[in-house]
Each structure stands twice: as C-alpha cells, then as structure tokens.
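Trainee: this one's sequence-less:
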Ligand SMILES: NC(=O)C1=CN([C@@H]2O[C@H](COP(=O)(O)OP(=O)(O)OC[C@H]3O[C@@H](n4cnc5c(N)ncnc54)[C@H](O)[C@@H]3O)[C@@H](O)[C@H]2O)C=CC1
Ligand SMILES: N[C@@H](CC=O)C(=O)O
Ligand code: NA
C-alpha cells in the first residue's frame, strides 16, 4: 500500500483564518486534523487554512502536544474577531450562543457541533448567518461522523421525507450494549463512555435523552422544512431501563435501544397534518438492522417518498470521528470564502404544527406479575379488550414457590393514551401484584 501523496502546489489565494473555540475531546482532534493535513486541506479549499488561535477556558490545563501552546487564548471574543471561520466545539448554550452570534454578525462563517444550542435557538443563529450572508454548518451536531445533516438538508431537498428513525446517541447505545452483553450496570457503563470521550460534559444529557432529543429536533426541522425545538420533542431517557428489562428483551428476541423518531403525518381522520417527534427506549427485534448497531455507533433510517428507505451508519461519537465531520464543514465554508457561494439557509416554509407524540401508534410489551391462579390471564386479557388494545402474544413463566406468574404481553399497535389507560386499569386489578415494565416495540 502506498502513502497518500501530498500536493506540492501551494494555492495562491490568501489564507482563510480559522478560530477554534474549545479544546476538549473534539477540539483537540479538530486541531490535529487541521495541523497534520495542512497541504491537502489547502489544495481542496484553494487557499491555506490558517489556524489563528484556540480558545480555552483554562490556559494552565495540560494538553495534547498537537496543540501549539502559542495558539491558546482565554479571550474567545478577541479570537472570534480575528477569524473568517469560527469552529465552535465548546458545547452548551452560553457562552457558545453569544460567541457564535458575535462571529456571524461580524461576517465570519460558523461550523458548530453544538446540537444543544441548535435545538434551543437555531433560528436566531440562522437569521444572523442570513443577515450577514455567511454560512452555518453543523454536520457534527447529529450522529457524529456520519454524513446525515448534509444528505437531509441538501441531497433530499427535492424529495418529501416522511420519517426519520434511528439511534442518534452513542453514549446510550454503548451503555445499553454493555448492559446487555457484559452485564454492566448503568453507572459503570456511563463512566466508561465518559472515559472514551462519547458522553456530554454532563452525561445526564445523554442518559435522560436530551442529547438524542436535540438531534431529533434538528433532523425533524431539516427533513420537514419546519421549526422543531428541544421542547417539542416527547422525551424519555434510559435511566428507567433495568438489567431485568435488558434480560427480558433478549428472552423475547429483542434488544433495548434508545430511538429517535420524527414523522410527518398527513391530515387524516385522526387529526390535522403535522410532525411528531419522540425519543424513548424501545424493544427492537434481534433480526432488525438497528439491533446490530453496537457500542457508540449510530444508525438512522430516512424514508422519503421518491427515494424510498435510506440507511446511514457509522461512528456517532468520539473525538476523531466528530472532528472528521467538523473538517468537512470547514472545507465547505472555506471554499465559499475563497470562490464565492453559500451553503443552504434555513428552510422552514412548511410551518407544520408539532402534534402530541401520545397519539403515535406503536406496539407495546407489558411485563406484569400476577397471582398464579386459574383465570387470571383471561381477566387481564379482558381488561385489554375493554380498552380496545388487542394482544399479539403472551408468554408466561411461573415461580411456584411464590405463587406468582410473570406475564409478558405483546400488544398490537395502540396509542400511548390508550395503552396508559389500559395499564392503569390492569394495575388496579386484584390479581395483579405489579406492572413491572411497559416498553414500546419498534422496527417490526
Ligand atoms: N464528544 C463527542 O463525541 C461529540 C461531541 N459533540 C459536541 O461537540 C462539542 C464539544 O464536545 P466535547 O469536545 O466532547 O466536550 P469537552 O467537554 O471535551 O470539550 C469542551 C471544551 O470547551 C472548554 N470550554 C468551556 N467553556 C469555554 C469557554 N468559554 N471558552 C473556551 N473553552 C471553553 C472546556 O474546558 C472543554 O475543554 C459539544 O457541543 C458536544 O455536544 C458532537 C458530537 C460528538
Ligand atoms: N454525547 C453524544 C456525543 C455525540 O453527539 C453521544 O453520545 O452521542
Ligand atoms: Na453527522
């Protein structure tokens, strides 16, 4: 195998000045790619990319040797004012928002990995970019290295996207995988994900589903040409998922995954046109492609009217994979600085209402402990039937010593509202000791 050749022609155009804000897991890898691929990047852009500085919170923090100490500053505002393109890998809402607005208003383009900020206040950033005629790119913000933002924002913009469904958080996928395959508990698996650089600065954002919900909001906005914010997403994380849930999933031929699902619903007898966006743990059949997504990998299906079903798969977290997506955006924005042109502006003309996710119809698996005596199963089945929820399958295992039977009921499709009412009624029943768990079943 031969080494890739390095171009020997130095582009004649003036350098594009790049500022990097934040030098943590992702920032360090961005600096590494910028400083080790200088000639290739210059050839691809048509001008050198000059790293003019790296803003950090604490100058005294020990850093990877790839980061030249002479480039470090703790004055991010001054650095922003010196740049043509600002790469933001600090994370969080403030000071990231203020710094990015300063960059955009000053005429710099922006590349950001910050899904929390985009899902909270994306329209303000888009508007500032538009007013200044500059770019805002954010491939790294959704599904790390996987090209997904660009395909949805640009490649599929001539089609009608109906649904986006998948795994968009590497940390929780890693955690659920470690729980299932190695019997690790949630806290130990989260600590490992932090060690590997997958988790957010506060991993609550991962385990409680906020990170996946932010990504779902961004994807829904792009896919359906409308505005969806974090607050619009029906969100449930994985902290309620127990080792027993994971074990029962395997016994019934499933794996537990944290899924993000965004759907465009046409007007029909159930209600008006709109979008539904939800994030929650779900049982996925073991033979479904999403079940084979291991570790911190992500996988997303996009269903479009003309294109049909597309699947995107790859590393959804980690410093180097995320930096790859950042650099791709940086080259695009830099090309525009050198040769003219702009990336896409916000497209929100459809202005669709966000519909309650409780109206979404899915299958469910209900696990409950009942008194082990004749006729109990028929009584539980009657409660389900009375609420219009039909049963697809029932498994029963008995613990004779305790006179308890464990029932695992898989339902046909039902709304969350119907299911909740049914579960409440079941829980009231004399023979029911405990409703142990209720999980959606997706991907069937
Ligand atoms: N780690 C990952 O796998 C991925 C991270 N992201 C996003 O990338 C961004 C950065 O993530 P990480 O590098 O993992 O986080 P990190 O916590 O490792 O790095 C952030 C760095 O920013 C620094 N910082 C905080 N406030 C600052 C300020 N005012 N000025 C300058 N520096 C400041 C922190 O000291 C820290 O070193 C976040 O928005 C995150 O959501 C996106 C995709 C994947
Ligand atoms: N914490 C995030 C990082 C990438 O977006 C994740 O685990 O997916
Ligand atoms: Na991506």
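Mentor: Perfect, thanks for sending it. These numbers were taken from a predicted model, which means no experiment stands behind them. Ligands and ions are numbered 1, 2, ... in the order given.
Trainee: going forward, measure contacts and count neighbours with C-alpha atoms only.
Mentor: Will do.
Trainee: list the neighbouring strands of the helix or strand encompassing residue 162 plus their orientation.
Mentor: Assessed by DSSP states H and E, residue 162 sits inside strand 161-167. Strand partners for strand 161-167, identified by DSSP bridges, are recorded as strand 254-265 (antiparallel), strand 297-304 (antiparallel).
Trainee: list the contacts of the longest helix belonging to the chain.
Mentor: Criterion DSSP state H: the longest helix present in the chain is helix 319-339. With CA atoms under 8 Å, 6 or more residues apart in numbering as the test, helix 319-339 has contacts from 13, 16, 25-30, 33-34, 41, 44-47, 49, 84-85, 87, 109-113, 135, 137-140, 144-147, 197-198, 315-316, 342-343.
Trainee: can you mark which positions in it are buried?
Mentor: 319-337 (16 or more other CA atoms under 10 Å).
Trainee: could you do stretch 121-129 as well?
Mentor: 122-123, 125-129.
Trainee: so which of those are in helices?
Mentor: Residues from the buried residues of stretch 121-129 lying in helices, with DSSP H as the criterion: 122-123, 125-129.
Trainee: so which of the residues you listed comes closest to residue 213?
Mentor: Closest to residue 213 out of those is residue 122 (14.2 Å), distances taken as CA to CA.
Trainee: buried set for stretch 34-45?
Mentor: For stretch 34-45, burial by neighbour count (16+ other CA under 10 Å) applies to 34-35, 38-43, 45.
Trainee: next secondary structure element downstream of the strand holding residue 162?
Mentor: Immediately after strand 161-167, counting by DSSP H and E, sits helix 170-182.
Trainee: phi, psi of residue 66?
Mentor: phi -70, psi -20 (degrees, to the nearest 10).
Trainee: count the neighbours of it for me.
Mentor: 13 (other CA atoms under 10 Å).
Trainee: the nearest residue to it once chain neighbours are set aside: neighbour count?
Mentor: Spatial nearest neighbour of residue 66, excluding adjacent residues (CA to CA, 6 or more residues apart in numbering): residue 32 at 6.0 Å. Each residue near residue 32 was counted by other CA under 10 Å, and the total is 17.
Trainee: for residue 32, give its distance to ligand 1.
Mentor: Using CA to the nearest ligand atom, to the nearest Å, residue 32 is found at 13 Å from ligand 1.
Trainee: hang on, the earlier thing: comparing the strands paired with strand 161-167, which stretch has the densest surroundings?
Mentor: Burial of the strands paired with strand 161-167 is given as mean neighbour count (mean count of other CA atoms under 10 Å); strand 254-265 ranks first at a mean of 25.
Trainee: is there proximity between that one and ligand 2?
Mentor: No - Strand 254-265 does not reach ligand 2 (CA under 6 Å from any ligand atom); its nearest approach is 11.0 Å.
Trainee: what's near enough to touch the residue lying closest to residue 226 once chain neighbours are set aside?
Mentor: Leaving aside its chain neighbours, residue 226 sits nearest to residue 348 (4.0 Å; criterion: CA to CA, 6+ apart). Contact analysis of residue 348 by CA under 8 Å, 6+ apart lists 221, 224-227.
Trainee: centre of the chain to the strand holding residue 162, how far?
Mentor: Here the centre of strand 161-167 is set off from its chain's centre by 11 Å, with CA atoms, centre = their mean, to the nearest Å.
Trainee: same thing with stretch 400-415?
Mentor: 32 Å.
Trainee: who does the lowest-mean-pLDDT helix or strand in the chain touch, helix- and strand-wise?
Mentor: Counting by mean pLDDT, DSSP states H and E, the chain has its least confident helix or strand at strand 391-399, which shows a mean of 90. The helices and strands touching strand 391-399, judged by 3 or more CA pairs under 8 Å, 6 or more residues apart in numbering; DSSP states H and E, are strand 404-411.
Trainee: so the strand it packs on versus strand 391-399, what angle?
Mentor: For strand 404-411 against strand 391-399, the angle between stretch directions is 170 degrees (axes from the mean of the first three to the mean of the last three CA atoms, to 10 degrees).
Trainee: and strand 404-411, what's its mean pLDDT?
Mentor: Averaging pLDDT along strand 404-411 yields 95.
Trainee: check what pLDDT the residue of the chain most remote from its centre gets.
Mentor: Distance from the C-alpha centroid of the chain, by CA atoms, centre = their mean, peaks at residue 374 (46.6 Å). We have a pLDDT of 90 for residue 374.
Trainee: what do you get for residue 3?
Mentor: 52.
Trainee: and for the one 3 residues further on?
Mentor: Reading off the confidence values, residue 6 has pLDDT 60.
Trainee: how about the residues of the stretch 201-350 of the chain by ligand 1?
Mentor: 201, 317-319, 322.
Trainee: can you map out the strands along the stretch 201-350 of the chain?
Mentor: Counting by DSSP state E, counting those that start in this stretch, the segments of the stretch 201-350 of the chain that form strands are 234-235, 254-265, 274-285, 297-304, 308-315.
Trainee: how many neighbours does the nearest residue to residue 135 once chain neighbours are set aside have?
Mentor: Spatial nearest neighbour of residue 135, chain neighbours left out: residue 109 (4.8 Å); criterion: CA to CA, 6+ apart. Burial of residue 109 is recorded as 28 neighbouring residues (other CA under 10 Å).
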